[in-house]
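Engineer: sequence and predicted structure, then a few things I'm wondering about:
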Amino acid sequence: MNGTYCPLGEASVPLLDPGFTRGDAVYDTVSVWGGQFFRLDDHVARFFRSCATARLSPPASADELKAILAQCVHRSGLDAAYVQMISTRGKFQSPTVRDPRLCKNTLMTFAMPYIWIIQPARQLEGIDLALAKGNRRTPPEVVDPRMKNFNWLDLQRGLFEGLDRGSDTSVLCTPDGRLSEGPGFNLFVVRDGALRTPRGNVLEGITRSTILELASDLGLKAEEADLTPDDLLAADEAFLSSTAGGVMPVATVDGAPLGHGEGPGPISLRLRSEYWARRDAGWLGIPVASLLAD
Ligand SMILES: Cc1ncc(COP(=O)(O)O)c(C=O)c1O
């Protein structure tokens with residue numbers, strides 16, 4: 001927390017930080033698996049891009065941030081971790097002065113046990129994905145979704161909509177009716193052996209980029225595209241991608257099986273097992289220990 005380490009349960013944000021009262025905050029989440037950060041440079045670069053979009057200047061360089069993240073993981077003793085870096089606007093100089101330029105921006109990071117937004121056993125059954133109808137994803141013209149930020153009310157409301165309908169989670173559309181993403185994940189659809197994922201109105205997920213690269217490694221066609229709900233409903237398969245859970249196959253959309261029939265599709269399962277086999281082997285990883293100061 002701004003230069004000191006403490007147990008996660010003791011970490012707190014001051015009430016008057018606009019990061020809390022205004023959602024004036026950006027963040028990034030990187031995973032550690034087998035003692036290695038995954039694509040750490042990509043996550044740190046995306047974090048600083050998010051900061052720049054939000055006009056936040058956290059008090060650390062990229063190298064300093066990497067050392068702090070490593071220190072958090074080291075102190076937690078975790079081998080598989082969910083690791084977050086956050087910058088908030090920070091306290092106003094006085095509670096009655098509301099000029100955000102005068103705030104001292106913060107840097108907070110934490111490590112906690114690895115999170116699965118869908119549990120592995122459920123991933124193997126394939127989830128039921130709700131196509132949110134009553135809630136829309138904030139359009140990119142309003143809040144740039146490439147800036148990973150804490151304005152999550154659209155995603156949370158979409159999640160509640162899906163949970164209320166008995167689904168595992170929900171995917172949202174932007175107001176112009178294009179498929180976008182859901183609470184903590186990107187979406188892929190598979191048709192005739194080719195992968196497509198929404199473009200332009202989503203966070204450019206690091207797992208999403210990884211899957212696009214992995215697909216091309218495996219000789220599968222994969223591209224970003226403008227997609228509509230019909231592209232999901234007519235898909236042979238679909239899956240979600242996230243730092244927190246990897247590749248998560250969809251079995252049904254609003255209770256209706258996708259084209260391939262029961263359970264997860266074969267391409268989704270193949271990408272999922274390739275992803276984790278490679279992660280187990282340290283793919284695109286950097287050992288946490290290599291970033292600790294002597
Ligand atoms: C809105 C949103 N979309 C997509 C993702 C997936 O991004 P990544 O693969 O970098 O975890 C996340 C991750 O938290 C997210 O919050």
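Structural biologist: Great, that's in hand.
Engineer: tell me, what residue is most central in this protein?
Structural biologist: When Cα atoms, centre = their mean is applied to the chain, the residue found nearest the centroid is Gly184 (4.5 Å).
Engineer: any idea of the pLDDT on the nearest residue to Leu292 once chain neighbours are set aside?
Structural biologist: Among residues not flanking Leu292 along the chain, Ala70 sits closest, at 5.3 Å (Cβ to Cβ, 6 or more residues apart in numbering). Heads up, the C-betas are built off the backbone N, CA and C, glycines and all. pLDDT, Ala70: 98.
Engineer: Ala70: which element?
Structural biologist: helix 62-76 (DSSP states H and E).
Engineer: can I get that helix as PDB, trimmed to CA atoms?
Structural biologist: Provided in PDB are the C-alpha atoms of helix 62-76 (Å, rounded to 0.1, in the frame of the first residue of the first chain):
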ATOM      1  CA  ALA A  62       7.500  -0.400 -14.600                       C
ATOM      2  CA  ASP A  63      10.600  -2.100 -13.100                       C
ATOM      3  CA  GLU A  64       9.700  -0.800  -9.600                       C
ATOM      4  CA  LEU A  65       6.100  -2.100 -10.000                       C
ATOM      5  CA  LYS A  66       7.400  -5.500 -11.100                       C
ATOM      6  CA  ALA A  67       9.600  -5.700  -8.000                       C
ATOM      7  CA  ILE A  68       6.700  -4.700  -5.700                       C
ATOM      8  CA  LEU A  69       4.400  -7.300  -7.300                       C
ATOM      9  CA  ALA A  70       7.000 -10.000  -6.800                       C
ATOM     10  CA  GLN A  71       7.500  -8.900  -3.200                       C
ATOM     11  CA  CYS A  72       3.700  -9.300  -2.600                       C
ATOM     12  CA  VAL A  73       3.700 -12.800  -4.100                       C
ATOM     13  CA  HIS A  74       6.900 -13.800  -2.200                       C
ATOM     14  CA  ARG A  75       5.400 -12.600   1.100                       C
ATOM     15  CA  SER A  76       2.200 -14.400   0.500                       C
END
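Engineer: need the CA coordinates for the following helix or strand past that helix. PDB is fine.
Structural biologist: Using DSSP H and E, the next helix or strand after helix 62-76 towards the C-terminus is strand 81-88. These are the backbone C-alpha positions of strand 81-88, laid out as PDB (Å, rounded to 0.1, in the frame of the first residue of the first chain):
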ATOM      1  CA  ALA A  81      -1.800 -16.400  -7.300                       C
ATOM      2  CA  TYR A  82      -4.200 -13.700  -8.500                       C
ATOM      3  CA  VAL A  83      -2.200 -10.500  -8.400                       C
ATOM      4  CA  GLN A  84      -3.600  -7.100  -8.800                       C
ATOM      5  CA  MET A  85      -2.100  -3.600  -9.300                       C
ATOM      6  CA  ILE A  86      -4.300  -0.600  -8.700                       C
ATOM      7  CA  SER A  87      -3.900   3.200  -9.100                       C
ATOM      8  CA  THR A  88      -6.500   5.500  -7.600                       C
END
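Engineer: from Ser273, how far off is Gly184?
Structural biologist: From Gly184 over to Ser273 the distance is 22 Å, taken as Cβ to Cβ, to the nearest Å.
Engineer: then His260?
Structural biologist: When His260 is compared with Ser273 (using Cβ to Cβ), they lie 17 Å apart.
Engineer: and these two? which has more neighbours close in?
Structural biologist: Taking other Cβ atoms under 10 Å, His260 and Ser273 do not tie; His260 has more neighbours (18 against 12).
Engineer: I'd say that one and Pro249 touch.
Structural biologist: No. At 10.2 Å, His260 does not count as touching Pro249 under the criterion of Cβ atoms under 8 Å.
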